[in-house]
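Novice: attaching a predicted model along with its sequence, questions to come.
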Amino acid sequence: MASPDFDVDAFLQQPLTARIATSGPTVRPVWFLWEEGAFWILTGPWARLFDRVKDDPSVALVVDECDLATGRVRQVIARGRAELVPFDVARGRRKLTRYLGADEALWDARFVHYLHDDSGERGTMWLRLVPASLIATDLSYSVALAP
């Protein structure tokens, strides 16, 4: 169960890696943005995720952390039907900034292209997951100090 001090929104604002599962089953790591009660993941026709969600929008997603030094173990598991929605640059910038930093000049060119290429021509889309279920669990424990 989530402890009262487990702020799920604050947890999901961290630049953590999620793993999303589609039918098949197929699991892949993804960067995400948590906004407006939804997970936002970049995708497009170049990615298998895009085709899998088009074929079957049922997905599961997990974001977790396990820090053995502090005993912090927390996880968020979401399930629902994903939808593919048009890409918008402002949201794309917010998502990429959280993982790559604010200075686009330091970003790998692959990521800069998402913001400056024609998304319609490239086919860039958002996978948007508004969870039908979201389970937050805090399994943290106290770490014994060595004598």
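Specialist: Yep, it's here. Numbers count the residues shown, from 1 in each chain.
Novice: grab the most central residue of the protein for me.
Specialist: Among the residues of the chain, the one closest to the centroid is residue 32, at 2.6 Å (C-alpha atoms, centre = their mean).
Novice: my guess is it meets residue 18, correct?
Specialist: Yes: counting by C-beta atoms under 8 Å, residue 18 is a contact partner of residue 32 at 4.9 Å. C-beta: built from backbone N, CA, C; applies to glycine.
Novice: need the overlap of contacts for these two.
Specialist: Jointly contacting residue 32 and residue 18 under the rule C-beta atoms under 8 Å, 6 or more residues apart in numbering are 39, 41, 61, 63.
Novice: narrow those residues to those in helices?
Specialist: Using DSSP state H, no member of the shared contacts of residue 32 and residue 18 falls in helices.
Novice: what about residue 29, how many neighbours?
Specialist: Using other C-beta atoms under 10 Å, residue 29 has 8 neighbouring residues.
Novice: hmm, back to that, any idea how far the residue nearest to the centre of the chain lies from residue 126?
Specialist: 10 Å (C-beta to C-beta, to the nearest Å).
Novice: could you tell me which residues touch both of those two?
Specialist: By C-beta under 8 Å, 6+ apart, the residues touching both residue 32 and residue 126 are 40-41.
Novice: tell me the contacts of the residue nearest to the centre of the chain?
Specialist: Counting by C-beta under 8 Å, 6+ apart, residue 32 touches 18, 39-41, 61, 63, 95.
Novice: state the distance from residue 55 to residue 30.
Specialist: According to C-beta to C-beta, residue 55 and residue 30 sit 18 Å apart.
Novice: more neighbours, the two?
Specialist: In this view residue 55 and residue 30 are compared by other C-beta under 10 Å, and residue 30 has more residues nearby, 17 against 10.
Novice: my read: the more buried one touches residue 48, true?
Specialist: No: taking contacts as C-beta under 8 Å, residue 30 lies outside contact range of residue 48: 11.9 Å.
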